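show me the folded form of this:
(chains A and B)
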Amino acid sequence: MSLKMDVDWKPLLLVPALALLALPLVGSPSTWLTLTVAGLAMGMIVFIIASGLTLVFGLMDVLNFGHGVFIALGAFVATSVLGAMGDWTQSQSILANLVAVLPAMVVAMLVAGAVGLAFERFIVRPVYGQHLKQILITMGGMIIGEELIKVIWGPAQIPLPLPEGLRGSWLWGDAAVEKYRVLAVVVGALVFGLLAWTLARTKIGLLIRAGVQDREMVESLGYRIRVLFVGIFVAGSALAGLGGVMWGLYQQNVIPQMGAQVNVLIFIVIIIGGLGSTTGALIGALLVGLMANYTGFVAPKVALFSNIALMVAILLWRPQGVYPVAGSR
Amino acid sequence: MLRRLLSNDLPRSKVLAVLLIAVLLGLAFAPFVFPGVKALNVAAKILVFIVLVASFDLLLGYTGIVSFAHTMFFGIGAYGIAIAATRMGAGWDAVAVGLACSLAVSLVLALAIGLFSLRVRAIFFAMITLAVASAFQTLASQLSEFTGGEDGLSFRLPEIISPSFEFSEEPFLGVSLDGRLLCYYLLFVVAVVLVLALLRIVNSPFGRVLQAIRENEFRAEAIGYRVVVYRTLSAALSALFATLAGAMLALWLRYNGPDTSLSFEIMIDVLLIVVIGGMGTVYGAAIGAVLFVVAQSYLQDLLRLGSEATGEALGLPWLAALLSPDRWLLWLGLLFVLSVYYFPTGIVGKLRARSSAR
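Okay, the predicted model is just below:
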């Protein structure tokens, strides 16, 4: 783990392997390219959401079933913010559009982070170390959050249209690649880069990685892992909020139940990745994203169970996920 | 005799014993004591929920693992009866075939999920059941030629338990003796037998091992019990009982759809009833189910009144929005979180603690 001298590269090959395997099944290369970009975009968004959850689990052994609330919250905040910035989103210039999306993301992250702080204090903190109660309580928190969203924004589906300049697609030969999906991949790559840099190159990242490996040891060296944990929880919630904005724009509409829907996806992702592993979560997210898009095109009826089948296959190969995290229980 | 029937698991609290007897008598004479169609429906729903919740408690309270797929098995039971009765017509053979098929499907699914996820970590089980249950729910509404899709299936049952059948012209104690009544008593007998069977299971040596695993997994494994096997068996048993509860529901309603038996809301109801009644006690399921179903059936009206009053009279639209009956789940969620914090042993636990303190 520490020096990454011998990188476990096998899981890394899974993503291109899946993409290549799908090529003959899809048939036409241009459709394949469209689907692949869509899958990568979806995977990146799912990764942004799942990264916080997997770190929270790895560090504190807390499984947060209420993570989905922050996704829905972020998306609904974005509808309000973008709705208020009509001039900017209607503008023809891509620059103005991006300027409109940026504050929506920032506000969504701030709101989700703030709610995350409260969630950690009132929902999660009293049940540290008790798995059964954690599952029950965070599920309860999820229900309450979803209902409050319905109280504030109403229970109906709200459209979240993309700003003018981000609609439509670029043509690469025969393949149509939607602009927004490219943007999603770019934002996802940025977040992953930032996260990887923080984890690998900063003092905080060092403490987080050490904490995942052996919490008691880090505590005995004098670091307050609780404070660190609250920070991770808030950051994870904020990332879920950001992911929610991007997911909402990807689907172009938001419903209060979206949190619960995405929750199922990210659980599959972090199980595939190995609970607590960020790189594993990235691989899991990309696999799930690609799988969802390929099967949605090739065999829509099977699409429902494709992700579960994928998870089953991975767990048969590595029962703890592709990157098992040592030291976790 | 009674001790034997209850598998030596007596209420151990006078108040609880009185409550249980009241519940039993109330349900046994419900058609005569509480006249009216709604009251009988509520009583039948209580019977179904007692079995459903008690079977979930075998998993949550006794084995200490959380499943979010319990409504899936409940739905399989209900769909089994519904599909068989739609295809094969109204006859007991359809009921039998539906029941047998749904039990087989539930058993295979539960064993597969259990062996697969419990092998690694109990916490996987919660996540994987959530994923499978949501996929199953979508599947049920998509296979519309088979399951009736979102509309569900209405079907006919053997005449003897349908409302049109009257086996006596004379009303008895003011209640008409029809197939509906007979159906109610069929459910009642089935529910009593199933609850007693669950009591038998949790108080058997097998049940003791489950509790040992709940208390200390590592030690149970060290003593020589194969934790995975016991947990999987517990998951499969609880799935079978849930399937039976689903079949009971279908028999009573003569209708089944995704919202009646598969919705996640039922899962939340079940969780709440287990926690309020008392985790790890079969009696808690009975007490909790009665309280909850009655509250759900009659309190929502009260909530509606409250919402209208605050909205119009007091001019507080936000309070009206919070009190609206559509936000019923919000209050359930709050109640759920608060009871897990402050009331973790539930009603039965509190009553037993009080009487043993004396």
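
spatially, which residue comes closest to residue A:174, not counting chain neighbours?
Take residue A:174 and drop its neighbours on the chain: the residue closest to it by Cβ to Cβ, 6 or more residues apart in numbering or on different chains is residue A:30, 3.5 Å away. The way it works is simple: take the backbone N, C-alpha and C, and place the C-beta from them, glycine included.

did I read that right, that neighbour in a strand?
No. Counting by DSSP: H, G, I helix; E, B strand; the rest coil, residue A:30 is not found in a strand; it is helix.

what about it, distance to residue B:79?
42 Å (Cβ to Cβ, to the nearest Å).

tell me which of those two has more neighbours.
Neighbours were counted for residue A:30 and for residue B:79 using other Cβ atoms under 10 Å in any protein chain shown; residue B:79 has more, 29 against 16.

phi and psi next, for whatever residue of the stretch 201-329 of chain A ends up closest to chain B.
Nearest residue of the stretch 201-329 of chain A to chain B, counting by Cβ to the nearest Cβ: residue A:267, 4.2 Å away. Main-chain torsions, residue A:267, degrees, to the nearest 10: phi -60, psi -50.

chain B contacts on the stretch 1-150 of chain A?
A:63, A:65, A:123, A:126-127, A:131-133, A:135-137, A:139-141, A:143-144, A:146-148, A:150 (Cβ under 8 Å from any Cβ of the partner chain).

show the buried residues in those.
By neighbour count, with 16 or more other Cβ atoms under 10 Å in any protein chain shown, the residues of the stretch 1-150 of chain A next to chain B hold A:63, A:65, A:123, A:127, A:131-133, A:135-137, A:139-141, A:143-144, A:146-148, A:150 as buried.

report pLDDT for the residue minimising distance to the centre of chain A.
Nearest to the mean C-alpha position of chain A, counting by Cα atoms, centre = their mean, stands residue A:49 at 2.1 Å. The model reports residue A:49 with a pLDDT of 92.

and the helix or strand bottoming out on mean pLDDT in chain B, what does it pack against?
When the helices and strands of chain B are compared on mean pLDDT, DSSP states H and E, helix B:317-323 comes out lowest with a mean of 70. Packing partners of helix B:317-323 (3 or more Cβ pairs under 8 Å, 6 or more residues apart in numbering or on different chains; DSSP states H and E): helix A:131-153, helix B:282-308.

looking at these, which is nearest to residue A:198?
Taking Cβ to Cβ, helix A:131-153 is the member of the helices and strands packed on helix B:317-323 nearest to residue A:198, at 25.2 Å.

and the contacts of the very next helix or strand once past that closest one?
Going down the chain from helix A:131-153, the next helix or strand is strand A:158-159, by DSSP states H and E. Residues outside strand A:158-159 that contact it (Cβ atoms under 8 Å, 6 or more residues apart in numbering or on different chains): A:76, A:79, A:252, A:253, A:254, A:255.

nearest to residue A:42, of those residues?
For the contacts of strand A:158-159, the nearest to residue A:42 is residue A:252 (13.6 Å; Cβ to Cβ).

got a list of what the closest one touches?
A:159, A:160, A:161, A:162.

and which of those residues is nearest to chain B?
Of all the contacts of residue A:252, chain B sits closest to residue A:159, with 21.5 Å by Cβ to the nearest Cβ.

which residues does that closest one bridge with?
Residue A:159 has these beta-bridge partners by DSSP bridges: residue A:253.

between the contacts of residue A:252, which has the most around it?
Neighbour counts for the contacts of residue A:252 (other Cβ under 10 Å) peak at residue A:160, which has 21 neighbours.

give me phi/psi at that residue?
Per degrees, to the nearest 10, the backbone of residue A:160 is at phi -130, psi 80.

surely it is in contact with residue A:247?
No. Using Cβ atoms under 8 Å, residue A:160 makes no contact with residue A:247, being 9.6 Å away.

for those two, list the residues in contact with both.
Both residue A:160 and residue A:247 are in contact with residue A:75, where contact means Cβ under 8 Å, 6+ apart.

residue boundaries of the strands in the chain?
Since you didn't name a chain, this refers to chain A. Counting by DSSP state E, chain A has strands at residues A:158-159, A:169-172, A:175-178, A:253-254.

meant chain B actually
Going by DSSP E, chain B shows strands at B:153-154, B:255-256.

which of those has the highest mean neighbour count?
For those, the largest average neighbour count (mean count of other Cβ atoms under 10 Å in any protein chain shown) is found in strand B:255-256, namely a mean of 24.

what lines up beside it in the sheet?
Strand pairing for strand B:255-256, using DSSP bridges, gives strand B:153-154 (antiparallel).

how far does the partner strand sit from its chain's centre?
Here the centre of strand B:153-154 is set off from its chain's centre by 21 Å, with Cα atoms, centre = their mean, to the nearest Å.

and if you look at stretch B:47-60?
Distance of stretch B:47-60 from its chain centroid, counting by Cα atoms, centre = their mean, is 5 Å.

contact residues of the stretch 101-250 of chain B facing chain A?
Within reach of chain A by Cβ under 8 Å from any Cβ, the stretch 101-250 of chain B has these residues: B:116, B:119-120, B:122-124, B:126-128, B:130-132, B:134-135, B:138-139, B:142.
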